[in-house]
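In: Quick one: sequence plus predicted model below, questions after.
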Amino acid sequence: MSLNPNLLLWIALLPLVASVIAGLFGRFIGRQPAALVTILGVGASCVLSLVVFKQVVFDHAPVFNDAVYTWLVSDGIRMSIGFLVDPLTVMMMVVVTFVSLCVHVYTIGYMADDPGYQRFFSYISLFTFAMLMLVMSNNFLQLFFGWEGVGLVSYLLIGFWYTRPTAIFANMKAFLVNRVGDFGFLLGIAAIVYFTGSLQYSDAFAAVDRIAAEHITIFGGHAWSALTVICICLFIGAMGKSAQVPLHVWLPDSMEGPTPISALIHAATMVTAGIFMVARMSPLFEGSDTALSFVLVIGATTALFMGFLGIIQNDIKRVVAYSTLSQLGYMTVALGVSAYSAGVFHLMTHAFFKALLFLAAGSVIIAMHHNQDIRYMGGLRKYMPVTWITSLIGSLALIGTPFFSGFYSKDSIILAAEHSHIWGAGYAQFAVLAGVFVTAFYSFRMYFLVFHGKERFRDKPFPAEQDHAADDSHGHDEHGHEAHKGDHGDHGHAHEPHESPAVVWVPLVLLAIPSILIGGIAVASMLGGSYFDGSIFVNLEKHPAMEHVAEHAAHPGTMGWHAFLTLPFWLALAGVVVAWFLYLKRPELPAAIAARLKPLLWVLERKYGFDWFNENVIARASRGLGALLWNVGDKAIIDGAAVNGSALTVGWLAGIVRRVQTGFLYSYAFWMVIGLALLLGWFLVGRH
């Protein structure tokens, strides 16, 4: 049974139709109908994605790879809308639509008091459409359309509260950083078109050997492999979208957007686009060990050093944000050692438990009346039992606890790095192992400070109120701050927190289930079996790491029990124990340790200087170059010499010629005689 292209179109277009209705007509149909239509649109897309998943995975429907609409044909290059639906695609479709559906339902409760209610639903539904177009594409044009689509909607959502200067700064930062990555991405696509004359994935994959034989001269006459240049350019695009060092700086600031969009960006849409793209381009990357090493080193650096930054964060959302950066580094390490399926598998499991952690953080923020500082929380376990247990599940999955989903994917990446022979694998192995301890430490630091210990929210005036009075410089969610005062009184912090409404905690439960189960259910097929055969290509002779992963993944139970004897488990346990000791047993120690490590703390608080460098070097140099081009190029050359100069020259010449125009007949006759004499002289001289 072949796939129906109309069914595929409905999956992609239903969220778009719902977004248009909520965005253009939300003011007329009202708040709840706008929410309902987007939830129905994304829900229907999720159900249809499950239908297609069943057809492809269980009924073994042939891969669909065809155009559904041809936009234009130019010089033999066909530009079309087309779908490539294979096991990799359907897995992404289900993850994107399911997580998006949970976020849509959660938004009903979280954004209930926000005046931009309909606009927000329109944006997140449009986000889902753009991501679906990206993962379902079979050509680079549509891939780029979806790529830029998620970038555009993320800009709109990060700056959703556009009256806040911090939100506008954050969305502009995301926009500009991603333009840097997208420039490289576009160069890679252009090079593929140059060498293949086509935008189709299949044509690019078929021409790998021919492209590998070509060379491009870039710097100082040195010839580079064309395939290496293409892969590095494509990965630069992924560095922007998937927030890899040094193009990671936009992602923590994306917390300026409402919490539901933080979950959607960090779990199922924008940041996973780069990981998916590299996995889809595996036939290209397998032809260049240089490009793979570049990917590997960047990913390992991101995994470890962004994890360190999570340790010092006090904003609950930013702790989870730096966790995302670190986990994206793990996925990138998997790509670099040719364990593409392990990277995509971690993408899938991470989508569930990271969305869970973000939405649980939002539930805590609601209970704390929009305070996000974990130093003023504590003891929430007894007040918020559902949020507590789901947060614990998400944290256990994140640190790779045996038999949880995150364990199967994260340990597979560590195993792949251990058995890789590519340059940089040793550094990557150290980074991902050290990252296990770091991840467990900052995750359970947040967990213990929020849900256990002293109830610190009673200690002093509510920090969020102070922050809002100071122009909200710390980026706390503000959408319902005044509205919640109406519910709890002017001093809502004096009242006990309570569990969030059902529209908030039901999505937490729905996400907690796959956070526990999906890894163990799927690992044997996706990593130990043939699930990705035909979707992902690996040259096992050159890059044998996945062979070792497949041996372990084929037996999930044995893999789980064996984990208790491995180094990653003990590192994770050590991280949890150290967090418990420092923040519950001896809470006075962290301040004393920080006092002794001031130089290190200074570096971490300044995020290794990336923001300083971008703002004081890159931005100032760009502004200086712009001023130079404006004053010299535009004012002096274009306006001065070209426009104004030519006008002055014409005016000067016209002033001279005007003197000849006297209006007297004898004057004209005189000039005619002079002209005739000159003409005859030129003729006679020319004859001799």
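Out: Arrived safely, thanks for sending. Numbers count the residues shown, from 1 in each chain.

In: can you tell me which residues contact the residue nearest to residue 429 when sequence neighbours are not counted?
Out: Leaving aside its chain neighbours, residue 429 sits nearest to residue 417 (4.5 Å; criterion: CB to CB, 6 or more residues apart in numbering). (Each C-beta comes from the backbone N, C-alpha and C, glycine too.) Applying CB atoms under 8 Å, 6 or more residues apart in numbering, we find residue 417 in contact with 300, 333, 334, 337, 425, 428, 429, 432, 545.

In: Nearest to residue 645 among the residues you listed?
Out: Set against residue 645, the nearest of the contacts of residue 417 by CB to CB is residue 300 (56.5 Å).

In: what secondary structure does the closest one sit in?
Out: helix (DSSP: H, G, I helix; E, B strand; the rest coil).

In: could we number from 359 for the rest of this?
Out: In the new count, where the first residue is 359, that last one comes out as residue 658.

In: Which pLDDT value belongs to it?
Out: Per-residue pLDDT puts residue 658 at 96.

In: wait, doesn't it sit right on residue 789?
Out: Yes: judged on CB atoms under 8 Å, residue 658 makes contact with residue 789 at a distance of 3.8 Å.

In: which residues are common contacts for the two?
Out: Taking CB under 8 Å, 6+ apart as the contact rule, residue 658 and residue 789 both touch 687, 691.

In: Quick one: name whatever helix or strand follows the helix or strand encompassing the residue nearest to residue 787.
Out: Using DSSP states H and E, residue 775 sits within helix 763-776. As assigned by DSSP H and E, the chain's next helix or strand after helix 763-776 is helix 783-809.

In: pLDDT of that next one, averaged?
Out: Computed over helix 783-809, the mean pLDDT rounds to 96.

In: in it, what's buried?
Out: For helix 783-809, a neighbour-count test (16 or more other CB atoms under 10 Å) marks 783, 785-787, 789-809 as buried.

In: C-alpha coordinates for stretch 1024-1038, PDB please?
Out: This file holds the C-alpha atoms of stretch 1024-1038, laid out as PDB (Å, rounded to 0.1, in the frame of the first residue of the first chain):
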ATOM      1  CA  TYR A1024      24.900  86.500 -37.100                       C
ATOM      2  CA  SER A1025      26.200  84.700 -34.000                       C
ATOM      3  CA  TYR A1026      24.800  81.400 -35.200                       C
ATOM      4  CA  ALA A1027      26.200  82.100 -38.700                       C
ATOM      5  CA  PHE A1028      29.600  82.800 -37.200                       C
ATOM      6  CA  TRP A1029      29.700  79.500 -35.300                       C
ATOM      7  CA  MET A1030      28.400  77.600 -38.400                       C
ATOM      8  CA  VAL A1031      31.400  78.900 -40.400                       C
ATOM      9  CA  ILE A1032      33.800  78.000 -37.500                       C
ATOM     10  CA  GLY A1033      32.300  74.500 -37.400                       C
ATOM     11  CA  LEU A1034      32.500  74.100 -41.200                       C
ATOM     12  CA  ALA A1035      36.100  75.200 -41.200                       C
ATOM     13  CA  LEU A1036      37.000  72.700 -38.500                       C
ATOM     14  CA  LEU A1037      35.200  69.900 -40.300                       C
ATOM     15  CA  LEU A1038      37.000  70.700 -43.600                       C
END
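
In: counting contacts, what elements does the lengthiest strand in the chain pack onto?
Out: Once the chain is assigned using DSSP state E, the strand that runs over the most residues is strand 422-432. Where contact means 3 or more CB pairs under 8 Å, 6 or more residues apart in numbering; DSSP states H and E, strand 422-432 is packed against helix 363-387, strand 435-443.

In: Can you point out the buried residues in the last one?
Out: Neighbour-count burial for strand 435-443, counted by 16+ other CB under 10 Å, picks out 436, 438, 439, 440, 441, 442, 443.

In: coming back round to it: now mean pLDDT too, for the helices and strands packed on strand 422-432, in TSV please.
Out: As requested, the helices and strands packed on strand 422-432 are exported to TSV (pLDDT from 0 to 100):
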stretch	mean pLDDT
helix 363-387	94
strand 435-443	92
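
In: As JSON lines, those with distance to residue 468 would be great.
Out: Shown next, in JSON lines, are these (distance: least, CB to CB, whole Å):
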{"stretch": "helix 363-387", "distance to residue 468": "16"}
{"stretch": "strand 435-443", "distance to residue 468": "33"}
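
In: so which of the ones you listed comes closest to residue 921?
Out: strand 435-443 (34.6 Å).

In: and the angle for the closest one with strand 422-432?
Out: Interaxial angle, strand 435-443 versus strand 422-432 (axes from the mean of the first three to the mean of the last three CA atoms, to 10 degrees): 160 degrees.

In: any idea how far residue 564 is from residue 504?
Out: To residue 564, residue 504 is 23 Å away according to CB to CB, to the nearest Å.

In: same deal with residue 1033?
Out: The gap separating residue 1033 from residue 564 is 71 Å, by CB to CB.

In: Same check on residue 872?
Out: Using CB to CB, residue 872 is found at 36 Å from residue 564.

In: max-length helix in the chain?
Out: Secondary structure of the chain per DSSP state H: the longest helix is helix 523-554.

In: pLDDT (mean, whole number) over it?
Out: 93.

In: Where does the prediction get shaky in the stretch 859-1008 of the chain?
Out: Scanning the stretch 859-1008 of the chain for pLDDT under 70 picks out 991, 1000.

In: Out of the helices and strands packed on strand 422-432, the one nearest residue 485 is which?
Out: Of all the helices and strands packed on strand 422-432, it is helix 363-387 that lies closest to residue 485, at 8.3 Å by CB to CB.

In: Convert the host helix or strand of residue 503 to PDB, retaining C-alpha atoms only.
Out: Using DSSP H and E, the element containing residue 503 is helix 498-516. Only the C-alpha atoms of helix 498-516 are listed here, as PDB (Å, rounded to 0.1, in the frame of the first residue of the first chain):
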ATOM      1  CA  PHE A 498      16.900  21.800  -0.600                       C
ATOM      2  CA  LEU A 499      14.500  24.500  -1.700                       C
ATOM      3  CA  GLN A 500      11.700  23.300   0.600                       C
ATOM      4  CA  LEU A 501      14.200  22.500   3.300                       C
ATOM      5  CA  PHE A 502      15.400  26.100   3.200                       C
ATOM      6  CA  PHE A 503      11.800  27.300   3.200                       C
ATOM      7  CA  GLY A 504      11.100  25.400   6.400                       C
ATOM      8  CA  TRP A 505      14.500  26.400   7.800                       C
ATOM      9  CA  GLU A 506      13.700  30.100   7.400                       C
ATOM     10  CA  GLY A 507      10.100  29.500   8.500                       C
ATOM     11  CA  VAL A 508      11.000  28.200  11.900                       C
ATOM     12  CA  GLY A 509      13.600  31.000  12.200                       C
ATOM     13  CA  LEU A 510      10.900  33.700  11.400                       C
ATOM     14  CA  VAL A 511       8.400  32.300  13.900                       C
ATOM     15  CA  SER A 512      11.000  31.900  16.600                       C
ATOM     16  CA  TYR A 513      11.800  35.600  16.100                       C
ATOM     17  CA  LEU A 514       8.100  36.400  16.500                       C
ATOM     18  CA  LEU A 515       7.700  34.200  19.600                       C
ATOM     19  CA  ILE A 516      10.900  35.200  21.500                       C
END
